[in-house]
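Q: Sequence first, then the predicted structure, then my questions.
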Amino acid sequence: EALQMLDKGNISFSFQPPFSSQKNDKLQITKATKLRHPALIQYLSSRGIKLSIAHEFCKEVHYSFKDKNYFAIGLKNNSGGYELRSKIYKNSSSPKDVTIIKNQKKNLVICEGMFDLLSVASFHSNLSNKADILVLNSISFIEKVIPEIENYNCVELYLDRDNAGIKATKTLLNSSSKCIDMSLLYEGFQDINEWWSKK
């Protein structure tokens with residue numbers, strides 16, 4: 001009734017969102033190359049990661065956002081998006097997804113994020129020769145990865161030791177007897193990278 005009254009009064013309105021002149025609000029990847037920028041190499045070093053390890057899994061990703069250009073360490077996910085990390089920013093590009101690295105192994109390593117992966121790879125030399133790797137990139141994907149576990153003989157869990165990580169670990173442990181909680185390795189630390197960087 002209110003709409004009819006307003007219409008009779010020839011009042012113009014719309015439920016459409018106001019037009020935005022911002023055409024570059026979406027993060028856009030412009031290029032992905034081999035890691036070589038000194039600032040990114042220094043950032044890796046500050047977190048206890050050797051460049052050779054980062055080269056195996058990551059790229060130097062340049063991107064634009066709101067008409068400004070940035071660069072970061074990037075881990076590509078299974079849908080073509082990137083997890084982006086630098087000393088200054090923590091971003092990601094769409095679409096968001098898990099990262100699965102298939103090495104045709106019967107063991108699987110699951111971790112939460114990029115630096116967790118790099119820390120596990122630093123701790124276990126030649127990780128790619130020992131296991132397939134699954135990086136959640138978001139704890140919200142935990143239910144999505146449960147069917148993947150059935151393809152493996154052993155699944156090592158290197159999730160964070162915060163409330164969300166502990167809950168996710170319990171979810172996976174309850175889903176399969178193949179899962180092993182490896183987080184006791186870095187007990188007393190937030191995650192495996194915090195532990196590794198202080199070793």
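A: Good, I have the coordinates. Numbers count the residues shown, from 1 in each chain.

Q: Residue 192 contacts residue 158, correct?
A: Yes. Counting by C-beta atoms under 8 Å, residue 192 touches residue 158, with 5.2 Å between them. C-beta: built from backbone N, CA, C; applies to glycine.

Q: Name the residues contacting each of these two.
A: The contact sets of residue 192 and residue 158 overlap at 111, 116, 119, 120, 183, 185 (C-beta atoms under 8 Å, 6 or more residues apart in numbering).

Q: Just name the closest of those residues to residue 90, please.
A: residue 116 (13.5 Å; C-beta to C-beta).

Q: Would you mind pulling the contact partners of the helix or strand where the closest one lies?
A: Under DSSP states H and E, the secondary-structure element containing residue 116 is helix 114-123. Under the criterion C-beta under 8 Å, 6+ apart, residues 44, 47-50, 53-54, 56-58, 73, 75, 83, 85, 99, 109, 111, 127-128, 133, 135, 137, 158-160, 191-193, 195-197 lie in contact with helix 114-123.

Q: Ok, stretch 167-183 next?
A: With C-beta under 8 Å, 6+ apart, stretch 167-183 has contacts from 110, 136, 139, 142-143, 145-146, 149-150, 152-161, 165-166, 192.

Q: Which members of those are positioned in helices?
A: Among the contacts of stretch 167-183, the residues falling in helices (DSSP state H) are 142, 143, 145, 146, 149, 165, 166, 192.

Q: Neighbours of the closest residue to residue 29 other than its chain neighbours, how many?
A: In this structure, residue 29 finds its nearest non-sequential neighbour in residue 63, 5.0 Å apart by C-beta to C-beta, 6 or more residues apart in numbering. Neighbours of residue 63 under the rule other C-beta atoms under 10 Å: 21.
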